[in-house]
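Engineer: Quick one, structure for this:
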Amino acid sequence: MTQSDPVLCAPSRPHAFSPRATEIIAAGRRLLEAEGADALTMRRLGAELGIQAPSIYKHLPGKYAVELALVDEALAEIGLALHQAVRHPGPAGSVASVLAAYREYALAHPNLYRLATGSRLPRGSTTPSLEDWSGEPFFLATGDPQVAQAMFSFAHGMVILELDQRFPDGSDLQRTWDAGADAFVSACRSRSATSAVAPAPGPEAEVH
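Structural biologist: Next up is the predicted model:
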């Protein structure tokens, strides 16, 4: 496995950022990670970089562009972690490995995760095909599009509830994650078995 492996390389932006724009985006990430989305303002970015806020507009069109670049970063990093989990699953299998990698990333970068999965930016505004690539490991781990979507919904819901500390005190969340992994593995097997035994349509089913 090399860095040139297309599966482990996120789709690239159509246009690369300038060095100064890259520096502004990095400063935005530091603010976001440390203080949350409310801290991500042009004034705070200027102060972080030691420049006046209007100077930022010479390199990026505004706060929206900074947020969009950070969402791209998050999707690329999540996708890489999940693709690696599928390629190198642990003893519990690829479903459990993908769920563990997703949870680990989200808990390590809660503010970035919220920005990337929230409703602040419309779908389709990120780098083309990046969002699909980032979520593809859910399908690769299950082989079923409906189970994959259910698995993502479970993972996102679990993460948000954990970040918001909405589980009852004393909850054994690892056992809950394990139960979810077991349920999705069972769902894959059940749906696969059902497909395997489904009778082929007879001649009378043909449309004339």
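
Engineer: Only C-alpha atoms from now on, for both contacts and neighbour counts.
Structural biologist: Will do.

Engineer: I'd like to know how far the closest residue to Thr41 other than its chain neighbours sits from Leu45.
Structural biologist: With CA to CA, 6 or more residues apart in numbering as the criterion, Thr41 has its nearest non-adjacent residue at 6.7 Å, and that residue is Lys63. Applying CA to CA, to the nearest Å, the value for Lys63 to Leu45 is 9 Å.

Engineer: okay, the two: which has more neighbours?
Structural biologist: Legend: neighbour count by other CA atoms under 10 Å for Lys63 and Leu45, higher for Leu45 (25 against 17).

Engineer: hang on, that one packs against Ile24?
Structural biologist: Yes: proximity of Leu45 to Ile24 meets the contact threshold set by CA atoms under 8 Å, at 7.2 Å.

Engineer: which element follows the helix or strand encompassing Gln146 toward the C-terminus?
Structural biologist: For Gln146, the element it lies in under DSSP states H and E is helix 145-163. Moving toward the C-terminus from helix 145-163, the next helix or strand (DSSP H and E) is helix 173-197.

Engineer: what does that following helix rub up against?
Structural biologist: The contact list for helix 173-197 (CA atoms under 8 Å, 6 or more residues apart in numbering) reads 95-96, 99, 142-144, 147, 151, 154.

Engineer: For it, what is the distance to the chain centroid?
Structural biologist: In terms of CA atoms, centre = their mean, to the nearest Å, the centre of helix 173-197 is set 21 Å apart from its chain centre.

Engineer: relative to helix 173-197, how tilted is the helix holding Gln146?
Structural biologist: 170 degrees (axes from the mean of the first three to the mean of the last three CA atoms, to 10 degrees).

Engineer: pull the CA atoms of the helix or strand harbouring Leu107 into PDB?
Structural biologist: Element membership of Leu107, judged by DSSP H and E, is helix 94-108. The C-alpha trace of helix 94-108 is given here as PDB (Å, rounded to 0.1, in the frame of the first residue of the first chain):
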ATOM      1  CA  SER A  94     -14.200  -4.200   9.100                       C
ATOM      2  CA  VAL A  95     -17.600  -3.000  10.500                       C
ATOM      3  CA  ALA A  96     -16.200  -2.600  14.000                       C
ATOM      4  CA  SER A  97     -13.000  -1.100  12.700                       C
ATOM      5  CA  VAL A  98     -14.900   1.600  10.600                       C
ATOM      6  CA  LEU A  99     -17.100   2.500  13.600                       C
ATOM      7  CA  ALA A 100     -14.100   2.700  15.900                       C
ATOM      8  CA  ALA A 101     -12.100   4.900  13.500                       C
ATOM      9  CA  TYR A 102     -15.100   7.200  13.000                       C
ATOM     10  CA  ARG A 103     -15.700   7.600  16.700                       C
ATOM     11  CA  GLU A 104     -12.000   8.200  17.400                       C
ATOM     12  CA  TYR A 105     -11.700  10.900  14.800                       C
ATOM     13  CA  ALA A 106     -14.900  12.700  15.900                       C
ATOM     14  CA  LEU A 107     -14.000  12.700  19.600                       C
ATOM     15  CA  ALA A 108     -10.500  13.900  18.800                       C
END
